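Asker: give me a 3D structure for the following:
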Amino acid sequence: MHNKLNKLSLAVAIASMALVASQAFASGFQVREQSAKTLANALSNAAAGAEDASFMAYNPAAIGHIDGNQVVGGLAYIDATFELRDGRASSVLGVPYGSEASGQGGESAWVPAFAAKTQLNERYDLGLSIHSLYGLSTKYDEDWIGRYHAVESELTTIDIQPTLNYRASDRLDLAVGLRAQYADATLSNAMDWATVGAAQDPNLAPLAGQHDGFAEVTGDDWGYGYTLGALFQATEKTRLGASYRSAVDLSLDGEVDFSAETPTGEAVLAGAQAANTFTNGRGSADLTTPASLNLGVYHQLTDRLALMANAEWTEWSSFDELVVEFDDNTPDSRTEENWDNTWAFSVGANYALNERWLLRAGLGHDETPVPSAEYRTPRVPDADRTWATLGATWMPTPNLGVTAGYMRVFGDDADMDQQATPTNENASRGNLSGTYDVAADVFALSVDYRF
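Answerer: Numbering: from 1, shown residues only. The predicted model follows:
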């Protein structure tokens, strides 16, 4: 056992150093690509599948269904498309903003994950999962039509989850996991210094869009939460799973930087900084990553065919606004979100060709938390989405498995209608409207080894 624990510690250290930035392609800014097996089944096996140690990211009780010791490493690649069509933008006074730049804001990203578990005795299992649950990466050209609302939006999170499972009976596993979540964020947008300066000099108003600058806020923080899970073997062929993941409160604190690109913009910025506004210094933003609930069923219909279904509820109503506060006299940068709680549903099937090959497929649907066009922003141009998946697991030996999965995400067209008035949050950002196309291709690969 001592040698096994040493191997486990070494694998954990390597995985911790390898974890890099991720991008969400579930609703909101949620990341669900912690396992190639769950991705290949459209997440229909998330709560009740319990096929390897990586499943503890969805249901911590999954490790109780796996005898002995195991390590799992996985990597997902997301190629996302967010593109604004028929975009229209103007200053708060109606001066049109023009641009030849693309409204494409989608980014590609890698999402690694690692999990390991050891069986302490007949009753207890210990596990550790390192993964990302929330993330975002959208980046537009610096001169695109919606640049005053957003240029770059990046959120990277890392969850470190030690897990303890109790085998309450031959049929029931109960587990608890502690979560240490690190978050790092960057938000940037262009500044229309002509519109900002028009408050003091009305002659600048017609020059809207001609004297740009830039604003960037960066920050990071650690937050803490927990996860609970249960896995119940109702019959020899049917398994039920349920898990709950708590919300995590974060206070992202970091640097703020303002710049100007033209002499007129520099003059406006210098005047503002003389009044202790728009100065380079510190900024902060509170963010809550939401609670979620997973419910699932797994049924072995025949010796070869297994069917599964999953439902996930996410408490997105905790994301009611995004507020960046500054340590000088600069007014808070406020974006009303007013997101709704959501459900995601999926079904899937596995078919065993033989002892070495298992084929996987699934379908899913995910609701957007964005309630209407007026709350959709270029930072998170979210939409209802449907996904279809395929994959396979190859087991060259009884202890070694290799899984590959593919997901195609089909997003509904999503309208955006950001309106500006002299007194609302878009006074300096202007009006912005159009329709977003949302789509993605996701590829995942994992290797699991039992020892």
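Asker: neighbours of L204, just the number please.
Answerer: L204: 21 surrounding residues under other CB atoms under 10 Å. Just so you know, the C-beta spots here come from the backbone N, C-alpha and C atoms, and that holds for glycine as well.
Asker: need the helices for this structure, in chain order.
Answerer: 2-18, 36-40, 193-197, 263-274 (DSSP state H).
Asker: the ones you listed: lowest mean pLDDT?
Answerer: The minimum mean pLDDT among the helices of the chain belongs to helix 2-18 (a mean of 40).
Asker: just give the number of residues close to L269.
Answerer: 22.
Asker: would you check that it makes contact with T262?
Answerer: No - the criterion here is CB atoms under 8 Å, and L269 misses it with T262 at 10.2 Å.
Asker: what is in contact with these two at once?
Answerer: In terms of CB atoms under 8 Å, 6 or more residues apart in numbering, L269 and T262 are both contacted by the residues W193.
Asker: check the nearest residue to D141 once chain neighbours are set aside and give its pLDDT.
Answerer: In space, not counting the residues next to it along the chain, D141 is nearest to A101; the distance is 3.8 Å by CB to CB, 6 or more residues apart in numbering. In the predicted model, A101 carries a pLDDT score of 77.
Asker: quick check: A101 touching Y140?
Answerer: Yes - the pair formed by A101 and Y140 meets the contact definition of CB under 8 Å, at 7.5 Å.
Asker: the more surrounded of the two?
Answerer: Taking other CB under 10 Å, A101 and Y140 do not tie; Y140 has more neighbours (29 against 14).
Asker: in the sheet, who's paired with T393?
Answerer: L358, T403 (DSSP bridges).
Asker: again with the one 4 residues further on
Answerer: Each beta-bridge partner of T397 is listed here: L400, as defined by DSSP bridges.
Asker: so what's the residue count around it?
Answerer: Counted with other CB under 10 Å, T397 comes out at 9.
Asker: number the chain from 409, please
Answerer: Okay, residue one is now 409; in that scheme the one you just asked about reads as T805.
Asker: look up how far F727 lies from S700.
Answerer: From S700 across to F727, the span is 13 Å (CB to CB, to the nearest Å).
Asker: swap in D581?
Answerer: 32 Å.
Asker: if you count what's nearby, which of these two comes out ahead?
Answerer: Legend: neighbour count by other CB under 10 Å for D581 and F727, higher for D581 (25 against 19).
Asker: is it true that G506 touches I553?
Answerer: Yes - taking CB under 8 Å as the definition, G506 is a contact partner of I553 at 7.3 Å.
Asker: more neighbours, the two?
Answerer: I553 (26 against 10).
Asker: point out where the protein drops to low pLDDT.
Answerer: Along the chain, the model assigns pLDDT under 70 to residues 409-434.
Asker: quick check: most distant residue from the centroid of it.
Answerer: N611 (43.7 Å; CA atoms, centre = their mean).
Asker: so what's it up against?
Answerer: So N611 contacts nothing (CB under 8 Å, 6+ apart).
Asker: so it versus A484, what's the distance?
Answerer: Distance, N611 to A484, by CB to CB: 53 Å.
Asker: quick one: contacts for S667?
Answerer: Per CB under 8 Å, 6+ apart, neighbours of S667: G621, F622, A623, L677.
Asker: I'd like to know how many residues surround D578.
Answerer: D578, neighbours per other CB under 10 Å, totals 7.
Asker: over to the one 5 residues further on?
Answerer: If you count neighbours by other CB under 10 Å, A583 ends up with 24.
Asker: got a list of what the nearest residue to Y634 once chain neighbours are set aside touches?
Answerer: In space, and not counting its chain neighbours, Y634 is closest to S654: 5.0 Å by CB to CB, 6+ apart. By CB under 8 Å, 6+ apart, the contact set of S654 is R587, G633, Y634, T635, A699.
Asker: ok, and the most crowded of those residues?
Answerer: Neighbour-wise, these (other CB under 10 Å) top out at T635, 27 neighbours.
Asker: distance of the nearest residue to that one once chain neighbours are set aside relative to V439?
Answerer: Leaving aside its sequence neighbours, T635 sits nearest to G585 (CB to CB, 6+ apart; 4.3 Å). Using CB to CB, G585 is found at 17 Å from V439.
Asker: could you do D620 as well?
Answerer: The value you get for D620 to V439, if CB to CB is used, is 33 Å.
Asker: so which of the two has more stuff around it?
Answerer: Neighbours were counted for D620 and for V439 using other CB under 10 Å; V439 has more, 25 against 19.
Asker: quick check: that one touching Y542?
Answerer: Yes - taking CB under 8 Å as the definition, V439 is a contact partner of Y542 at 5.9 Å.
Asker: contact partners for the nearest residue to L695 once chain neighbours are set aside?
Answerer: Nearest non-adjacent residue to L695, counting by CB to CB, 6+ apart: L658, 4.7 Å away. Counting by CB under 8 Å, 6+ apart, L658 touches Q589, A591, D629, W630, G631, D694, L695, T696, T697.
Asker: so who does G649 touch?
Answerer: 454-458, 467, 469-470, 637-640, 702-706.
Asker: that one pairs with what?
Answerer: With DSSP bridges as the rule, G649 is bridged to L639, G704.
Asker: ok, it to P614 distance?
Answerer: Applying CB to CB to G649 and P614 gives a distance of 62 Å.
Asker: count of neighbours near E669?
Answerer: Counted with other CB under 10 Å, E669 comes out at 15.
Asker: isn't it right up against G621?
Answerer: Yes - E669 lies in contact with G621 (CB under 8 Å); the separation is 5.9 Å.
Asker: ok, the nearest residue to A558 once chain neighbours are set aside - contacts?
Answerer: Leaving aside its sequence neighbours, A558 sits nearest to P786 (CB to CB, 6+ apart; 4.1 Å). Listed by CB under 8 Å, 6+ apart, the contact set of P786 reads L492, G513, T546, Y548, G554, H557, A558, S561, M824, L840.
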